[in-house]
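In: Need coordinates for the below:
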Amino acid sequence: MTQRTTEQANMEHWQERVDLAAAFRWTARLNMHEGVANHFSMAINDAGTRFLMNPNQRHFARIKASDLIEVDANDADALGGPDAPDPTAWGLHAGIHKHCPHARCAMHVHSIHATVLASLLDSNLPPIDQNCATFFNRYVIDDGYSGLAFESEGARCAALLVDPKKKVMLMGNHGVMVIGATVAETFNRLFYFERAAETYIRALQTGQPLRILSDEIAEKTAVELEQYPEQDIRHLAELKAILDDEGANYAS
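Out: Predicted coordinates for the structure are as follows:
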């Protein structure tokens, strides 16, 4: 791992910064990003209103831990100055962190399969396999898209995530928002939701009848996966180990 400079050593919440940077890098590698238009954030105070996020118009594949900016959801002046966040990122992420304190981490992407699902008239994800069952009764569909996610749109979206059981918002005509308690948990959820969406979309493409699990088995599977020990932590740790082996500078 790259040696930290004195300036970096003085930065607070360094581990969160490193984890977020790794998540950005891997999301780019999986082609789940969209140019320089998507954003991740991580709350760093108890109220959840102050958070780290990617700087405006920076490609996920280049983001380093020291690049992340600190933003206060209660400070509208954050949109001014040289380090101002993207206005739509401010609207969406500030809204979520301001109104949903349980959403410590928020990841928004326009990944292909989740966005295809969000574009269907029926955007439900039936439990046709284990990955799909992971999200049984654990996502919400936003069917009220009204344009770019400026402040009013962010507040509207945040209102859909007040149920702590619902940690995925399928944003109709838009993409997906995933929330969680940590970077590892949230990235793991984002990864598996995209996999689940891909499985469902590919299954639809066969034109064959779907083998849908019963509600009872789907719920049982979702609970079992929620209780599976440390999968999210180990997943992110392995990704960081790969990046370290390659000499990536994400942790600088």
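In: Which strand residues bridge the spatially most central residue of the chain?
Out: Nearest residue to the geometric centre of the chain (C-alpha atoms, centre = their mean): residue 107, 2.0 Å. Residue 107 forms beta bridges with residue 40, residue 178, as assigned by DSSP bridges.
In: what do you get for residue 169?
Out: The partner residues for residue 169, given DSSP bridges, come to residue 140, residue 177.
In: residue contacts, the nearest residue to residue 144 once chain neighbours are set aside?
Out: Among residues not flanking residue 144 along the chain, residue 156 sits closest, at 6.7 Å (C-beta to C-beta, 6 or more residues apart in numbering). Just so you know, the C-beta spots here come from the backbone N, C-alpha and C atoms, and that holds for glycine as well. Residue 156 makes contact with 95, 144, 146, according to C-beta atoms under 8 Å, 6 or more residues apart in numbering.
In: Just among those, which is most surrounded?
Out: Among the contacts of residue 156, residue 95 has the most neighbours (other C-beta atoms under 10 Å), with 24 neighbours.
In: how about the nearest residue to that residue, chain neighbours excluded?
Out: For residue 95, ignoring the flanking residues on the chain, the nearest one in space by C-beta to C-beta, 6+ apart is residue 154 at 2.8 Å.
In: Quick check: the one you found touching residue 89?
Out: No - checked against C-beta atoms under 8 Å, the pair residue 154 and residue 89 is beyond contact range at 9.3 Å.
In: Please, where are all the strands along the protein?
Out: Along the chain, the segments classed as strands by DSSP state E run 39-43, 50-53, 69-72, 105-109, 139-142, 168-171, 175-180.
In: chain center to the fifth one: distance?
Out: Just to be clear, that refers to strand 139-142. 14 Å (C-alpha atoms, centre = their mean, to the nearest Å).
In: what pLDDT does residue 123 get?
Out: At residue 123, the predicted lDDT confidence score is 98.
In: Ignore what I typed, I meant residue 13.
Out: Turning to residue 13, the model gives it a pLDDT of 96.
In: Equivalent analysis for residue 6, please.
Out: On pLDDT, residue 6 comes in at 49.
In: likewise residue 23?
Out: Predicted confidence (pLDDT) at residue 23: the value is 98.
In: And for it, the neighbour number?
Out: Neighbours of residue 23 (other C-beta under 10 Å): 27.
In: Residue 121 too?
Out: 6.
In: same check, this time on residue 231
Out: The local packing of residue 231 (other C-beta under 10 Å) involves 14 other residues.
In: For it, which non-adjacent residue is closest in space?
Out: residue 188 (6.5 Å).
In: before we move on, the earlier item: redo the contacts of residue 156 as TSV? Include distance to residue 218.
Out: Shown next, in TSV, are those (distance: C-beta to C-beta, whole Å):
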residue	distance to residue 218
95	31
144	26
146	32
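In: Switch these over to a markdown table; also include pLDDT and distance to residue 176.
Out: Converted to a markdown table, the contacts of residue 156 look like this (pLDDT from 0 to 100; distance: C-beta to C-beta, whole Å):
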| residue | pLDDT | distance to residue 176 |
| --- | --- | --- |
| 95 | 92 | 16 |
| 144 | 84 | 15 |
| 146 | 79 | 17 |
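In: now, which of those residues sits nearest residue 23?
Out: Using C-beta to C-beta, the shortest approach to residue 23 within these belongs to residue 95, at 20.8 Å.
In: residue contacts, that closest one?
Out: If a contact means C-beta under 8 Å, 6+ apart, then residue 95 has 73, 151, 153-158 as its contacts.
In: pLDDT added to those residues, as JSON lines?
Out: Shown next, in JSON lines, are those (pLDDT from 0 to 100):
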{"residue": "73", "pLDDT": "91"}
{"residue": "151", "pLDDT": "63"}
{"residue": "153", "pLDDT": "76"}
{"residue": "154", "pLDDT": "79"}
{"residue": "155", "pLDDT": "83"}
{"residue": "156", "pLDDT": "86"}
{"residue": "157", "pLDDT": "88"}
{"residue": "158", "pLDDT": "90"}
